Each structure stands twice: as structure tokens, then as C-alpha cells.
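K.L.:
Dropping the sequence and predicted coords here.
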Amino acid sequence: MPYTEVPGAKVPIRMWADPASVEDGAMQQLRNVATLPWVKGLAVMPDVHYGKGATVGSVIAMQGAVCPAAVGVDIGCGMSAVKTSLTANDLPGDLSRLRSKIEQAIPVGRGMHDDPVDPSRLHGFATAGWEDFWGRFEGVAESVKFRHGRAIKQMGTLGSGNHFNEFCLDEKGSVWLMLHSGSRNIGKELAEHHIGQARNLPHNQGLVDRDLAVFIADTPQMAAYRNDLFWAQEYASYNRAIMMALFKDVVRKEFKKAKVAFDPVISCHHNYVSEERYDGMDLLVTRKGAIRAGSGDLGIIPGSMGTGSYIVKGLGNEASFNSASHGAGRRMSRSAAKRRFSTRDLEEQTRGVECRKDSGVVDEIPAAYKPIEQVIDQQRDLVEVVAKLKQVICVKG
């Protein structure tokens, strides 16, 4: 669909969603962003919904400034997926053992590895830059240095909420591995530290929303945030890469006779900042609940734990700052989903999927999310579909 332009104080709000369908709180957040002196553009994805700090499904382009709350507390959260040589015919009738093996290999929730994962022992994992990455931890915020041990042991772990590991089938019956996670607790600690720092800066006093406090270019605070932000984004990338390597190892062991081969991994952030150039301006583009969809960029747009997901290719639409949605997007809060639905509803909506069906994941029930097909249809000028996937195993945090 072509975007709809809604007037904003400093810039128009370009929406790939029906403005009438967007909740009032989210629309107010978007209008607040459009008041910032540094904002040069604002694009809204079809999975838009109210978020803490800033709207989920928003792309904010600013010149000489960045808003840490608009990035969010799960810095670098994103997706990875890989197509395998397995087909549906290779899978056993009972998938519970396979799900159990995945859960054993990759800690979930607040869990961590007993000992740090040694990447040199992972099949095919590229260790170049690994030592340098951890060496740079000495340069992050002093307030989180004591988290070093935890950060190392959480590397290669899933987390909770809407994070997941999945076994999926595409429409031709090929098996894919897919996962969703971010920078774990260390990313959260860094984000909260800098959000607090930004709120106290003089230039942020008097903003319409304290959550929109920014760092501005050529200041020590901006330099410190950029350092920690890009480190945490790298942590998130490594976290997904290690999880995928562990995931692949499970598959190799469980399907030894098949001698499984894997295509190149597709990976994308969807809570992050990128330095990009548009209309002759160098901008800091914040995607919160959005992926980069430059021309030819491969991306992943998942649905819920009981519906399909999509592998997509970007069309390079600069009106959206080369962006697309990051998923289906919630249509009700977690608390509302828990009030409205039962475990029986969850069982019904995840029929055919080997997954948790207990009260601990009712807030992730498919009906709490927007229809993924509708979300894809609303951004046909942003991406083209490469493959549609349907999960058969879903491991939730």
C-alpha cells in the first residue's frame, strides 16, 4: 500500500498503517517524536503499536542527535534464519525430543550457560574479532562493569518474552531454523543507564515527553552512548550467531544420517541505530521494531507462535528510510491477553506446533498479535516475499 501522510509539527508522519486503526497512545507518541528539533523524518510500519519510550514499528531519522529510549532497552534485538537441506519427510512424527534437545542446548528465560561458550569449539563459527570485542568491554559504562561475568555466560542464550527458537517449514517442505533474541541483560543495563543520563541533560528539559530525551552530536555523552550502543548491537549479533551455531549442532546430532547442509544465515537487527545518508544529509536512523529493507537486503518478518513468518527482500524505498516491519505487532498488551485468553485457547491456536502451552506463555498467544498476512500486504512497496514459513516447533523463553 502507498503510505498515508499525517501532519506533524516538524515533519510529516509517513504511515504504512491505517491511521484510524492505530491506538491513541501510539499516535500521540508519534506526534511527540515529530516535535523534536532534530528530527528529519518519521516512518511508521504496519505493525505499529504503543511502546515504552517510543512507538514500536517506528523509524526515526535525526540529524546530530539520537534518542536512547527510542532504541529501547533490548539494544540490537533481531532475527536470524537459515535454510537447511532437510525436508518435512526427514522429521520424526513426535517432535518433543527435538524440542527438548534445543532447550537443553540454548538456555531460555533468565538462564545462562554454566560456563561461557567457547566459540572456537563451534562448527564453522567465525572467531575473527571475538577477543577484540570483549576487550572493548573495558570501555563501556562504569555502572555495568560488574555485569561482565553474567554477560559472558548469557552470550548464546534466548531470553524471555517474545524471543524464540523455531523449526519451520517453507511452502516447498524445506526445513528452516529461525531465532529471535537480542543483547540480553547487558543491553538492558546499558540502555537504562544512558536513558537516565539523557533525561538530566539541560537541552532535554521542557520536551513534551521525557522519554524522548536525546544526546546531541559532539558531546561527551553522545560519544559514550554511541560507544556502548554499537558494542551492545555487536553483542546481540554475536548472541544470535552463537545460538544459531548451537542450534545447528543439535540438528547435526539429531539427523546424523542426513548429513545436513545449511545455506548462508540471514540476520537482521530490529531495535538499533544506523548511520545513513538521505537527501544529502548524514542521519542517525533509529529503527525500533523495524528492519532495514534496502534494495536486495534479505530480512525476516515473523508472525506469532502459531502463525506463519516471512523471509523478505527489500525494495529500497527511501520514503521509509529503506525500512520494513519487524513482525506482526501486538494488538493487545500482555496483561490484556492474560485476562482474555486461557491455556485452552492457547492449545487451540497453537495446534500442530510442538511448544509450551501453559499459562506462562498465554501472553504470547497468536490472537494477541495482528494478522501477519495483513501486515505483509500493507508493505508491498517496501519488500517482496522470498519464502513463507510455518513453524512446527517453537521454543519460547
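P.N.:
Looks like it came in fine. Computed from a predicted structure; not experimentally measured. Numbering: from 1, shown residues only.
K.L.:
Count the neighbours of Ala20 for me.
P.N.:
7 (other CB atoms under 10 Å). Every C-beta, even on glycine, is put in place using the N, C-alpha and C of the backbone.
K.L.:
And Ala224, by the same measure?
P.N.:
Ala224: 17 surrounding residues under other CB under 10 Å.
K.L.:
One more: the one 3 residues further on?
P.N.:
Residues near Asn227, counting by other CB under 10 Å, number 15.
K.L.:
now it, nearest residue through space, not along the chain?
P.N.:
Excluding its sequence neighbours, the residue lying closest to Asn227 (CB to CB, 6 or more residues apart in numbering) is Gly139, at 6.0 Å.
K.L.:
repeat for Arg97
P.N.:
Nearest one to Arg97, counting by CB to CB, 6+ apart, is Glu254 at 7.8 Å.
K.L.:
Please apply the same query to Asp74.
P.N.:
Leaving aside its sequence neighbours, Asp74 sits nearest to Gly182 (CB to CB, 6+ apart; 4.1 Å).
K.L.:
just checking, the one you found touches Gly78?
P.N.:
Yes. Gly182 is within contact range of Gly78, at 6.7 Å (criterion: CB atoms under 8 Å).
K.L.:
what residues are shared contacts of the two?
P.N.:
Both Gly182 and Gly78 are contacted by Ala236, Asn271, under the criterion CB atoms under 8 Å, 6 or more residues apart in numbering.
K.L.:
CA atoms of the lengthiest strand in the chain as CSV?
P.N.:
If you go by DSSP state E, the chain has its longest strand at strand 383-396. Listed in CSV are the C-alpha atoms of strand 383-396, where the atom choice follows Å, rounded to 0.1, in the frame of the first residue of the first chain:
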residue,chain,number,x,y,z
VAL,A,383,9.6,-5.7,0.5
GLU,A,384,8.9,-8.7,-1.7
VAL,A,385,8.3,-12.1,-0.2
VAL,A,386,11.0,-14.7,-0.8
ALA,A,387,9.6,-17.5,1.3
LYS,A,388,6.7,-18.1,3.7
LEU,A,389,7.4,-20.3,6.7
LYS,A,390,5.3,-22.2,9.2
GLN,A,391,6.7,-23.3,12.5
VAL,A,392,6.4,-26.9,13.7
ILE,A,393,8.5,-26.4,16.8
CYS,A,394,8.6,-23.2,18.9
VAL,A,395,10.8,-22.8,21.9
LYS,A,396,9.7,-19.8,24.0
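K.L.:
quick one: buried residues of it?
P.N.:
Val383, Ala387, Lys388, Leu389, Lys390, Gln391, Val392, Ile393, Cys394, Val395, Lys396 (16 or more other CB atoms under 10 Å).
K.L.:
Need phi/psi at the residue nearest the centre of the chain.
P.N.:
Taking CA atoms, centre = their mean, the centroid of the chain lies closest to Gly78, which sits 3.0 Å from it. Backbone geometry at Gly78, expressed as degrees, to the nearest 10, gives phi -170, psi -160.
K.L.:
Quick check, pLDDT for the nearest residue to it once chain neighbours are set aside.
P.N.:
Sequence neighbours aside, His269 is the residue nearest to Gly78 in space, at 4.0 Å (criterion: CB to CB, 6+ apart). We have a pLDDT of 96 for His269.
K.L.:
check contacts around His269.
P.N.:
Neighbours of His269 in contact, by CB under 8 Å, 6+ apart: Gly76, Cys77, Gly78, Gln233, Ala236, Ser237, Arg287, Ile291, Arg292.
K.L.:
So what sits opposite the last one in the bridge?
P.N.:
Right, Arg292. Ser323 (DSSP bridges).
K.L.:
if I look at it, how far off is Phe321?
P.N.:
Plainly put, Arg292 is 9 Å away from Phe321 if you go by CB to CB, to the nearest Å.
K.L.:
Counting neighbours, go ahead and name the busier of those two.
P.N.:
Phe321 (25 against 20).
K.L.:
Check what pLDDT that one gets.
P.N.:
pLDDT, Phe321: 98.
K.L.:
ok, now which ones touch it?
P.N.:
Gly41, Ala43, Val59, Ala61, Glu276, Tyr278, Val285.
K.L.:
What of Val108?
P.N.:
With CB under 8 Å, 6+ apart, Val108 has these contacts: Thr157, Leu158, Gly159, Ser160, His163, Val395, Lys396, Gly397.
K.L.:
for Ser342, same thing?
P.N.:
Contacts of Ser342 by CB under 8 Å, 6+ apart are Val362.
K.L.:
Alpha carbons only: can I get the strand or helix carrying Arg31 in CSV?
P.N.:
Per DSSP states H and E: Arg31 is located in helix 24-33. Extracted in CSV, the C-alpha atoms of helix 24-33 (Å, rounded to 0.1, in the frame of the first residue of the first chain):
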residue,chain,number,x,y,z
ASP,A,24,-4.4,6.8,20.5
GLY,A,25,-1.4,6.3,22.7
ALA,A,26,0.8,5.2,19.8
MET,A,27,-0.4,8.2,17.7
GLN,A,28,0.4,10.6,20.5
GLN,A,29,3.9,9.1,20.8
LEU,A,30,4.4,9.6,17.1
ARG,A,31,3.2,13.2,17.2
ASN,A,32,5.6,13.8,20.1
VAL,A,33,8.5,12.5,18.1
